[in-house]
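>>> Build me a model from this:
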Amino acid sequence: MQKLELFRHSSLCVCQMGRVAAKLNIDFVISTGDNFYDDGLTGIDDPAFEISFSKIYTAKSLQKQWYSVLGNHDYRGDVEAQLNPILQKIDPRWICQRSFIVDTEIAEFFFIDSTPFVDKYFLKPKDHKYDWRGVLPREKYLSKLLKDLEIALKDSTAKWKIVVGHHPVRSIGHHGDTKELIRQLLPILEENNVDMYINGHDHCLEHISSRSSQIQFLTSGGGSKAWKGDMDKDKKDGIKFYYDGQGFMSVELEETNAKVVYFDIYGKVLHVVNLPKGLGTSVSAI
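Numbers count the residues shown, from 1 in each chain. Purely as a prediction, here's the structure:
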């Protein structure tokens, strides 16, 4: 069985995350972006890397490999700094790339760089500046990203195909659905039998089941600045769980079942998802 933990959170739940990780004996950790709030890193020597990462996640159970994607707030800083392998010399746990694949025994995790898909960051930057080095020309960058992802998904023979990005495909939270991902990414996910799409961005915990495929949309963005109180109550299609507060989630994978558990900052179980493989998808909640 493979066990991992996925989250973005405040320091309030670090202790509980360490306890859950120890109980599950996790294999690795995933961060769904906005790794350094509010404006990423200023460079490879930014003390925020150690203050917000190395000196925070000190539990023995969290001394595993960390796989991170970039969020829109990371793009407001020096993106190249987060991608620089020098950070791995500071803390060997840290791995952050734009788009990459983690191949495990029974699952493949396809990490994608979702921020460049979103039009408003290019058309209406407001008071924020974004570091688009390595992304421009945008159309060419996105075309290659989607082509590479499609090829990798088609070639995958993994029992579980899990895609991780910062922005949600489906969400009823503050930011809502990401229309650019629905238009450009979702068809590729559906055509290639992806089991889960895991994201952050909306500061909440939520679970939405697709009506047109097996995909489960799982948001783990319950970090700081939660409790916005602006859930879209008119959207009910496929909604299985929504929590407008802080917390994190864990994933346990077996060949015939995936178990996803959502926790609040006190370690209380809020919602459980069981996804049998090969037996049709079923969902149970606590």
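
>>> So in terms of bridging, what pairs with V251?
Residues in a beta bridge with V251, per DSSP bridges, are L4, V260.

>>> my guess is it meets V272, correct?
No - using C-beta atoms under 8 Å, V251 makes no contact with V272, being 11.4 Å away. C-betas here are computed from N, CA, C, even on glycine.

>>> Quick check: neighbours shared by the two?
Common neighbours of V251 and V272 (criterion: C-beta atoms under 8 Å, 6 or more residues apart in numbering): K259, V260.

>>> looking at this, D34 is in a strand?
No - using DSSP: H, G, I helix; E, B strand; the rest coil, the assignment for D34 is coil, not a strand.

>>> excluding its backbone neighbours, what's nearest it?
G71 (3.5 Å; C-beta to C-beta, 6 or more residues apart in numbering).

>>> Is the one you found in a helix, a strand, or coil?
coil.

>>> that older thread, V251 and V272: who's more crowded?
Remark: of V251 and V272, V251 carries more neighbours, 26 against 15, as counted by other C-beta atoms under 10 Å.

>>> what's the distance between the more buried one and C13?
Note on V251: its distance to C13, by C-beta to C-beta, to the nearest Å, is 17 Å.

>>> Then Q216?
23 Å.

>>> Pop out the phi and psi values for the residue nearest to D34.
phi -110, psi 170 (degrees, to the nearest 10).

>>> Identify the bridge partners of the closest residue to V194 other than its chain neighbours.
Among residues not flanking V194 along the chain, K161 sits closest, at 4.7 Å (C-beta to C-beta, 6+ apart). Beta-bridge partners of K161, counted by DSSP bridges, are E108.

>>> ok, K161 touching N192?
Yes - between K161 and N192 there is a contact under C-beta under 8 Å: 6.9 Å.

>>> what ranges do the strands span in this protein?
2-6, 28-31, 65-68, 94-96, 100-103, 107-111, 160-164, 196-199, 205-209, 216-220, 239-243, 247-253, 257-264, 269-276 (DSSP state E).

>>> Make a markdown table out of the ones you listed and add mean pLDDT and distance to V20.
Below are the strands of the chain laid out as a markdown table (pLDDT from 0 to 100; distance: least, C-beta to C-beta, whole Å):
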| stretch | mean pLDDT | distance to V20 |
| --- | --- | --- |
| strand 2-6 | 59 | 7 |
| strand 28-31 | 96 | 11 |
| strand 65-68 | 97 | 16 |
| strand 94-96 | 98 | 21 |
| strand 100-103 | 98 | 21 |
| strand 107-111 | 98 | 19 |
| strand 160-164 | 98 | 19 |
| strand 196-199 | 98 | 17 |
| strand 205-209 | 96 | 14 |
| strand 216-220 | 96 | 13 |
| strand 239-243 | 95 | 16 |
| strand 247-253 | 95 | 6 |
| strand 257-264 | 96 | 6 |
| strand 269-276 | 96 | 10 |
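
>>> From R138, how far off is R76?
17 Å.

>>> about what we covered before: for burial, what's the neighbour tally of the residue nearest to D34?
Residues near G71, counting by other C-beta under 10 Å, number 27.

>>> So it is in contact with F36, correct?
No - assessed by C-beta under 8 Å, G71 is found out of contact with F36, at 9.2 Å.

>>> for the stretch 1-150 of the chain, what spans make up the helices?
14-24, 48-49, 79-83, 86-90, 120-123, 138-155 (DSSP state H, counting those that start in this stretch).

>>> among the ones you listed, which is nearest K236?
helix 120-123 (26.0 Å; C-beta to C-beta).

>>> What mean pLDDT does that closest one get?
Average pLDDT, helix 120-123: 92.

>>> Mind listing what's buried along it?
Buried residues in helix 120-123, counted by 16 or more other C-beta atoms under 10 Å: Y121.

>>> how about the CA coordinates for that helix, as CSV?
C-alpha atoms of helix 120-123 as CSV (Å, rounded to 0.1, in the frame of the first residue of the first chain):
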residue,chain,number,x,y,z
LYS,A,120,-6.7,36.8,-16.2
TYR,A,121,-3.1,36.6,-15.0
PHE,A,122,-2.0,37.8,-18.5
LEU,A,123,-5.0,40.2,-19.3
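
>>> For it, which helices and strands make contact with it?
On a contact count with 3 or more C-beta pairs under 8 Å, 6 or more residues apart in numbering; DSSP states H and E, helix 120-123 meets no helix or strand.

>>> Please list the outside residues in contact with that helix.
N72, Y75, T115, Y130, R138.
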